[in-house]
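A.B. asks: Just a sequence and a predicted model for now, questions to come.
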Amino acid sequence: MDLFEYLNNIVDFFKNPIWGYLIRGIIFLLILIWLSFVYWTYRDAKLRNTSAIFWAIVVFVLNYLGLILYLILRPPEYIDDVLERELEIRRMDQLLNEKVERCPACGKPVSKDFLICPYCRKKLKNSCINCDKPLQLDWKVCPYCKTTQ
């Protein structure tokens, strides 16, 4: 068998119609993946409050390069995450600025001199054995009458 016959056998092998179908199938899958990237970019850009149509067109025209550009330049956070963080910061500011003490167990407002929470019955403070003033649970001495607890 000489080289010419060997090359003819290889060419005949690749003339089989299955190879054409296989190549068309691969091209179809690549186009499907490309279009799914365009759709994903549109949805992601919309969630991040950027120009969704613009980025979808960029990915459609520039293909995978456009997707890489979008992934580099997109905003780092979703709109919902930003709003949630701002609400949490506002809520924490309100809690810090409140002068009212809250029960550590149920979170309801309690007075400074309460010994137990009237809502959930959690022990908040101890009572001094000498002067009956409310003391923090971890205090060893009463700061009002100097009595050791």
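C.D. replies: Nice, thanks for sending it over. Numbers count the residues shown, from 1 in each chain.

A.B. asks: Pull the contacting residues for residue 115.
C.D. replies: Residue 115 is in contact with 123, 124, 125, 126, 127, 134, counting by C-beta atoms under 8 Å, 6 or more residues apart in numbering. For the C-beta atoms, the positions are set from N, CA and C on the backbone; glycine is no exception.

A.B. asks: pLDDT score assigned to the closest residue to it other than its chain neighbours?
C.D. replies: Leaving aside its chain neighbours, residue 115 sits nearest to residue 125 (5.2 Å; criterion: C-beta to C-beta, 6 or more residues apart in numbering). pLDDT for residue 125: 91.

A.B. asks: Pretty sure residue 125 sits against residue 134.
C.D. replies: Yes: at 4.2 Å, residue 125 and residue 134 qualify as touching, with contact defined as C-beta atoms under 8 Å.

A.B. asks: shared neighbours, these two?
C.D. replies: 113, 114, 115.

A.B. asks: so which of those residues comes closest to residue 78?
C.D. replies: Nearest to residue 78 among these is residue 114, at 42.4 Å by C-beta to C-beta.

A.B. asks: Ramachandran angles for that closest one?
C.D. replies: phi -70, psi 140 (degrees, to the nearest 10).

A.B. asks: how about the helix or strand in which residue 8 is found: buried residues?
C.D. replies: Using DSSP states H and E, residue 8 sits in helix 3-14. For helix 3-14, the neighbour count (16 or more other C-beta atoms under 10 Å) marks no residue as buried.

A.B. asks: Hey, what's the angle from the longest helix seen in the chain to helix 3-14? Just curious.
C.D. replies: As assigned by DSSP state H, the longest helix anywhere in the chain is helix 17-47. Interaxial angle, helix 17-47 versus helix 3-14 (axes from the mean of the first three to the mean of the last three C-alpha atoms, to 10 degrees): 50 degrees.

A.B. asks: re earlier: residues in contact with the residue nearest to residue 115?
C.D. replies: Residues counted as contacts of residue 125 (C-beta under 8 Å, 6+ apart) are 113, 114, 115, 134, 135, 136, 137.

A.B. asks: go again using 7 Å as the cut-off
C.D. replies: Shown in contact with residue 125 (C-beta atoms under 7 Å, 6 or more residues apart in numbering): 115, 134, 135, 136, 137.
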